[in-house]
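Student: give me the fold of what follows.
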Amino acid sequence: MQKSDLPFGSEFSPSQIELAKVLELAKKHGGDWRAFEASVYETYFKNYGSSEKNRRKLANNTKLGMIAYGVIERDATLTELGDKLYALRENPAKLHEALARHILRELLGMTFVQTVLDMQIAGETVTHVPLREWLEERGVHVPRGGKHPSVMRLWLEKSGVFLDGWRVNRTRLQEVLGASLAEVEALAMLSGQQKAYLKALANIGGPGPYASNEIEMLARASLGIKFNEKSLPKDVLYPLREA
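Tutor: Residues are numbered from 1 along each chain as shown. Just a heads-up that it's a prediction; the model follows:
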């Protein structure tokens with residue numbers, strides 16, 4: 001079964017946990033994922049009205065969600081992003097803004113928000129099934145019944161990007177992202193390969209010119225994105241030139 005292109009977030013949700021608190025638990029137990037899971041269980045799920053097995057599963061899901069969002073490693077050690085968020089834990093506004101910026105820039109958040117805007121412009125009510133279908137049309141796979149879009153919306157709501165459900169605060173979106181909506185719309189339409197190629201090109205610096213295969217190899221090595229060498233012009237170079 002194809003995995004989701006949006007990060008798994010079940011139980012790593014602001015409706016169930018407090019970001020600052022789970023960061024503190026990861027800081028305390030980093031390197032011992034079992035101890036971290038146990039602390040999440042004791043803090044949030046011990047008294048849930050379900051079986052012991054299910055309550056333990058919820059704590060495990062919190063850990064998996066934090067991994068998927070890039071906050072911790074598999075052993076529960078804070079990542080570079082996690083350390084940055086931990087340093088902001090006593091400033092909730094800055095903390096949630098930093099996570100939202102990461103979501104928008106690194107986790108297909110821009111594509112997610114732009115898809116919501118496109119649906120609203122088209123007069124489509126934003127609910128789970130049509131949103132999943134619109135995302136699929138943009139090459140973003142979300143499993144049937146998955147909570148991935150809902151959790152992402154909740155985290156973006158914590159920073160003010162979403163208001164009253166699915167209403168997008170465009171001004172706040174620009175503030176959090178640090179880019180204009182025109183730039184957001186342009187970047188949201190690019191594929192993952194096209195974005196990676198642009199990142200690699202931007203990271204080189206200097207006036208160029210550069211051989212296209214050198215940029216491709218840099219993007220592959222630094223960002224872990226695989227390219228089809230034979231179709232690189234058609235899939236990446238020509239679309240970027242047109243864009």
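Student: the bottom helix or strand of the chain by mean pLDDT?
Tutor: Of all helical and strand segments in the chain, the minimum by mean pLDDT, DSSP states H and E falls on helix 181-188, at a mean of 69.
Student: look up how far residue 236 lies from the closest residue to residue 72 other than its chain neighbours.
Tutor: Spatial nearest neighbour of residue 72, excluding adjacent residues (Cβ to Cβ, 6 or more residues apart in numbering): residue 66 at 4.6 Å. To be clear about C-beta, it is placed using only N, CA and C from the backbone, and glycine gets the same treatment. In this view, residue 66 and residue 236 are 32 Å apart by Cβ to Cβ, to the nearest Å.
Student: between those two, point out the one with more neighbours.
Tutor: The residue with more neighbours, out of residue 66 and residue 236, is residue 66; 29 against 24, by other Cβ atoms under 10 Å.
Student: for the more buried one, give me its contacts.
Tutor: 12, 22, 26, 72, 82 (Cβ atoms under 8 Å, 6 or more residues apart in numbering).
Student: can you put those residues in CSV and add secondary structure?
Tutor: Below are the contacts of residue 66 laid out as CSV (DSSP: H, G, I helix; E, B strand; the rest coil):
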residue, secondary structure
12, coil
22, helix
26, helix
72, strand
82, helix
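Student: quick one: which two of the residues you listed are the most distant?
Tutor: Taking Cβ to Cβ as the measure, the contacts of residue 66 reach their widest spread between 12 and 82, a distance of 12.3 Å.
Student: neighbour-wise, which of those two wins?
Tutor: Set residue 12 next to residue 82 and count neighbours by other Cβ under 10 Å: residue 12 wins out with 26 against 22.
Student: ok, now which ones touch that one?
Tutor: So residue 12 contacts 22, 61, 62, 64, 65, 66, 68, 69, 151 (Cβ under 8 Å, 6+ apart).
Student: grab the nearest non-local neighbour of it.
Tutor: Distances taken as Cβ to Cβ, 6+ apart place residue 65 nearest to residue 12, at 2.5 Å, with adjacent residues excluded.
Student: what pLDDT does the model give the one you found?
Tutor: pLDDT recorded at residue 65 is 97.
Student: pretty sure it is in a helix, no?
Tutor: Yes - checked against three-state DSSP, residue 65 lies within a helix.
Student: tally of neighbours for residue 7?
Tutor: A count of nearby residues for residue 7, using other Cβ under 10 Å, gives 22.
Student: er, residue 164 actually
Tutor: 7.
Student: likewise residue 107?
Tutor: Residue 107 is flanked by 20 other residues according to other Cβ under 10 Å.
Student: my guess is it contacts residue 8. True?
Tutor: No - under the criterion of Cβ atoms under 8 Å, residue 107 makes no contact with residue 8, lying 11.0 Å away.
Student: for this protein, what spans make up the strands?
Tutor: Along the chain, the segments classed as strands by DSSP state E run 162-163, 167-168.
Student: just name the most buried of the ones you listed.
Tutor: Stretch with highest mean neighbour count among the strands of the chain: strand 162-163 (a mean of 16; mean count of other Cβ atoms under 10 Å).
Student: what mean pLDDT does it have?
Tutor: Per-residue pLDDT over strand 162-163 has a mean of 96.
Student: kindly report the same for stretch 133-149.
Tutor: So the average pLDDT for stretch 133-149 ends up being 89.
Student: also stretch 106-126?
Tutor: Regarding stretch 106-126, the rounded mean pLDDT is 91.
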